[in-house]
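**Student:** the following block contains a protein sequence and its predicted model.
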Number of protein chains: 2
Amino acid sequence: MAARSSDDVRGYMRFNRFRKIVALSREEICREIYLQNRDRIKIKKEKVAIANLVKIFNATLALSNKKGFHAMSLRDLSKETGLSMGALYSYFSSKDELVDIIQTQGRRVTAQVLHDQIAHADRPREKLRRAIISHLYLSEVLYPWFYFSYMEARNLSKKQLKKAIESELLTERIFVDILKRGSEEGIFAFPDTNLTAAVIKAVLQDWYMKRWKYASRGTSVEDYAVFVVDFVENFILA
Amino acid sequence: MAARSSDDVRGYMRFNRFRKIVALSREEICREIYLQNRDRIKIKKEKVAIANLVKIFNATLALSNKKGFHAMSLRDLSKETGLSMGALYSYFSSKDELVDIIQTQGRRVTAQVLHDQIAHADRPREKLRRAIISHLYLSEVLYPWFYFSYMEARNLSKKQLKKAIESELLTERIFVDILKRGSEEGIFAFPDTNLTAAVIKAVLQDWYMKRWKYASRGTSVEDYAVFVVDFVENFILA
DNA sequence: GTCTATACATAGATAGAC
DNA sequence: GTCTATCTATGTATAGAC
């Protein structure tokens, strides 16, 4: 397959290009969170609010991913952000709300980016490749978010837990749909659609769950992406 | 490949046979824990101690896997086991010790079973197959243990965390060694040994981390095992 | 061996001064 | 908007009766 752009190689989008295209700075994410939760957040000056939200989410993710959300006390969070306990409660009304906001925003961004990236492709093979690569790249850009979402799914309220499960199945569904279409077109052939999609997801999740392992071996996200595409295509290409 | 036993199919050991061979009842595991920690456990009547240890570990795993070890209070544990707070502290001296005991025992059993199962095979292809299948079957038998170990690795002490990482790499090492030997013998061919082993591990872990998903779809551990072996062999067979 | 009662620390959350 | 001070609940852990 020919390269589509000077900074792509063998049809694989480069990580840096992806990064620029999706352009997800922490500040932009926090701005979205702010606009989405204007009613709940007591601070009305947008600039102040966003700057502190960045601090709060960065600190929450850092502390939680180190020792768990439940083990992170609000006093820890207070120290890490430089904000007092009282100030923190101007940005969220309970610890549960804090975790819900993070999860909700993470899901929103993931669904949107994946959807956009796949829409650009047409044929099933290209769609599958883009789905795999953009999922890996996104989990690299938003690593703390992805790790957090996986590890803290248990601590959610019933309502939020239901949403988390829906989200897991939705992502898997994207792969199921691509696989089915490729199968109908005679391009793909495999024994079981659900299992194939599940295995793809498992491999994608390992990237952010075992980051320490890959980092210590010098495996880049691009290396991993090429390998995974190869691995999967080897199994399903007719 | 011919079946080696009346209850094996196409060279795959059946789950029930594995279960009988390894014979890991909760009581036996707790007996081993008791003998291993005789100095720390204050109760000297073996029968009493083991019966209560079964209660304690069952309850700890159930509660922790539901809402996290840190979120499980000792009052929760007291209620679930029917033992008082005071009684609990006759079996462990702190919450940290409790989590350490569970992790240590889980690792011990896993290493031993995997080692035994692989020793029975000779050729690399058979070795790989046995490694995959016995890992899946073991994680099915000890599901709460495996889930707990994955989720609670963060909460460990430095010393225990080091052991957990070693254990992860040890298991992966088993696959690396088999892959290398197969490669040398010209039976296997693949682009990267470490990545191949990592991907196999990722797929094995998904079985116990996403158990709800597979259960809801009626996928049995045998279905999954056959699929994974197929998936992996498709990639590596020369 | 197991219980009850309790000590002591730390958690989440809020009120009111600035 | 942010801080300090403080309330109340809940946590781990232990002492001593039975």
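**Tutor:** Everything's here; your move.
**Student:** which ones are touching residue A:225?
**Tutor:** A:12, A:132-133, A:136-137 (CB atoms under 8 Å, 6 or more residues apart in numbering or on different chains). Every residue, glycine included, has its C-beta placed from N, CA and C.
**Student:** let's see it at 10 Å
**Tutor:** Taking CB atoms under 10 Å, 6 or more residues apart in numbering or on different chains, we find residue A:225 in contact with A:12-15, A:18, A:129, A:132-137, A:140, A:204, A:207.
**Student:** same question for residue A:27.
**Tutor:** Applying CB under 10 Å, 6+ apart, the residues contacting residue A:27 are A:50-51, A:53-54.
**Student:** closest to DNA strand D out of those?
**Tutor:** Nearest to DNA strand D out of those is residue A:51 (CB to the nearest atom of the strand; 7.8 Å).
**Student:** neighbours of residue A:180, how many?
**Tutor:** Residue A:180 has 14 neighbouring residues, counting by other CB atoms under 10 Å in any protein chain shown.
**Student:** which pLDDT value goes with the closest residue to it other than its chain neighbours?
**Tutor:** Nearest residue to residue A:180, sequence neighbours excluded (CB to CB, 6 or more residues apart in numbering or on different chains): residue A:193, at 6.1 Å. Reported pLDDT at residue A:193 in the predicted model: 98.
**Student:** let's verify the closest residue to residue A:40 other than its chain neighbours: helix, strand, or coil?
**Tutor:** Distance criterion CB to CB, 6+ apart; nearest residue to residue A:40, sequence neighbours excluded, is residue A:93 at 6.6 Å. Three-state call for residue A:93 (DSSP: H, G, I helix; E, B strand; the rest coil): coil.
**Student:** identify the residues contacting residue A:93.
**Tutor:** With contact set as CB under 10 Å, 6+ apart, residue A:93 has these partners: A:40-42.
**Student:** try residue A:159
**Tutor:** Counted by CB under 10 Å, 6+ apart, residue A:159 has contacts residue A:100.
**Student:** give me the buried subset of the contacts of residue A:27.
**Tutor:** For those, a burial check counting by 16 or more other CB atoms under 10 Å in any protein chain shown picks out A:50, A:53-54.
**Student:** hang on, residue A:121 packs against residue A:132?
**Tutor:** No: using CB atoms under 10 Å, residue A:121 makes no contact with residue A:132, being 11.5 Å away.
**Student:** neighbour count for those two, which is higher?
**Tutor:** Set side by side, residue A:121 and residue A:132 show more neighbours around residue A:132, with 22 against 15, by other CB under 10 Å.
**Student:** host element of the more buried one?
**Tutor:** Remark: residue A:132 resides in helix A:124-141, with elements defined by DSSP states H and E.
**Student:** how far does that helix sit from its chain's centre?
**Tutor:** Its chain's C-alpha centre and that of helix A:124-141 lie 11 Å apart, by CA atoms, centre = their mean, to the nearest Å.
**Student:** for it, name the packing helices and strands.
**Tutor:** helix A:15-22, helix A:95-119, helix A:143-151, helix A:158-184, helix A:193-209, helix A:221-236 (3 or more CB pairs under 10 Å, 6 or more residues apart in numbering or on different chains; DSSP states H and E).
**Student:** adding distance to DNA strand C, write the ones you listed out as a markdown table.
**Tutor:** Listed next are these as a markdown table, based on distance: least, CB to the nearest atom of the strand, whole Å:
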| stretch | distance to DNA strand C |
| --- | --- |
| helix A:15-22 | 33 |
| helix A:95-119 | 4 |
| helix A:143-151 | 16 |
| helix A:158-184 | 15 |
| helix A:193-209 | 24 |
| helix A:221-236 | 33 |
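**Student:** let me know which of the ones you listed is tucked in deepest.
**Tutor:** Neighbour counts (mean count of other CB atoms under 10 Å in any protein chain shown) averaged over each of the helices and strands packed on helix A:124-141 peak at helix A:193-209, with a mean of 21.
**Student:** how about that one as CSV, C-alpha atoms only?
**Tutor:** In CSV, the C-alpha atoms belonging to helix A:193-209 read as follows (Å, rounded to 0.1, in the frame of the first residue of the first chain):
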residue,chain,number,x,y,z
THR,A,193,-16.4,-12.5,15.0
ASN,A,194,-16.9,-11.7,18.7
LEU,A,195,-13.8,-13.6,19.8
THR,A,196,-11.7,-12.0,17.1
ALA,A,197,-12.8,-8.5,18.1
ALA,A,198,-12.3,-9.3,21.8
VAL,A,199,-8.8,-10.5,21.2
ILE,A,200,-8.0,-7.3,19.2
LYS,A,201,-9.3,-5.2,22.1
ALA,A,202,-7.3,-7.2,24.6
VAL,A,203,-4.1,-6.5,22.7
LEU,A,204,-4.9,-2.8,22.5
GLN,A,205,-5.5,-2.6,26.2
ASP,A,206,-2.2,-4.2,27.0
TRP,A,207,-0.4,-1.3,25.5
TYR,A,208,-1.5,1.1,28.2
MET,A,209,-1.9,-1.4,31.0
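**Student:** how distant is that helix from the center of its chain?
**Tutor:** The answer for helix A:193-209 is 14 Å, by CA atoms, centre = their mean.
**Student:** which element follows it toward the C-terminus?
**Tutor:** For helix A:193-209, the following helix or strand on the C-terminal side (DSSP H and E) is helix A:211-216.
**Student:** tell me what that following helix is packed against?
**Tutor:** Right, helix A:211-216 is packed against helix A:143-151, helix A:193-209, helix A:221-236, helix B:158-184, helix B:193-209 by 3+ CB pairs under 10 Å, 6+ apart.
**Student:** contact partners of it?
**Tutor:** In contact with helix A:211-216 (CB under 10 Å, 6+ apart) are residues A:139-140, A:143, A:146-147, A:206-208, A:219-221, A:223-224, B:165, B:168-169, B:172, B:194-195, B:198, B:201.
**Student:** ok, now how distant is the nearest residue to residue A:80 once chain neighbours are set aside from residue A:152?
**Tutor:** In space, residue A:80 comes closest to residue A:59 once its chain neighbours are excluded; the distance is 3.9 Å by CB to CB, 6+ apart. Between residue A:59 and residue A:152 the distance is 15 Å, computed by CB to CB, to the nearest Å.
**Student:** could you do residue A:98 as well?
**Tutor:** For residue A:98, the distance to residue A:152 - CB to CB - is 11 Å.
**Student:** shared neighbours, those two?
**Tutor:** Residues touching both residue A:98 and residue A:152 by CB under 10 Å, 6+ apart: A:64, A:69.
**Student:** what sits against residue A:51?
**Tutor:** Per CB under 10 Å, 6+ apart, neighbours of residue A:51: A:27, A:30, A:45.
**Student:** closest one of those to chain B?
**Tutor:** Chain B lies nearest to residue A:30 out of those, by CB to the nearest CB, at 25.3 Å.
**Student:** what about the closest one, which helix or strand?
**Tutor:** For residue A:30, the enclosing helix or strand under DSSP H and E is helix A:26-36.
**Student:** before we move on, back to that, now, which of the buried ones among the contacts of residue A:27 sits nearest chain B?
**Tutor:** Distance to chain B, by CB to the nearest CB, is smallest for residue A:54 among these, at 24.2 Å.
**Student:** that closest one is in contact with residue A:29, isn't it?
**Tutor:** Yes: the pair residue A:54 / residue A:29 is scored as a contact, 8.6 Å apart, by CB under 10 Å.
**Student:** how far away is the closest residue to residue A:75 other than its chain neighbours from residue A:58?
**Tutor:** Using CB to CB, 6+ apart and skipping the chain neighbours, the partner closest in space to residue A:75 is residue A:85 (7.0 Å). Note on residue A:85: its distance to residue A:58, by CB to CB, is 18 Å.
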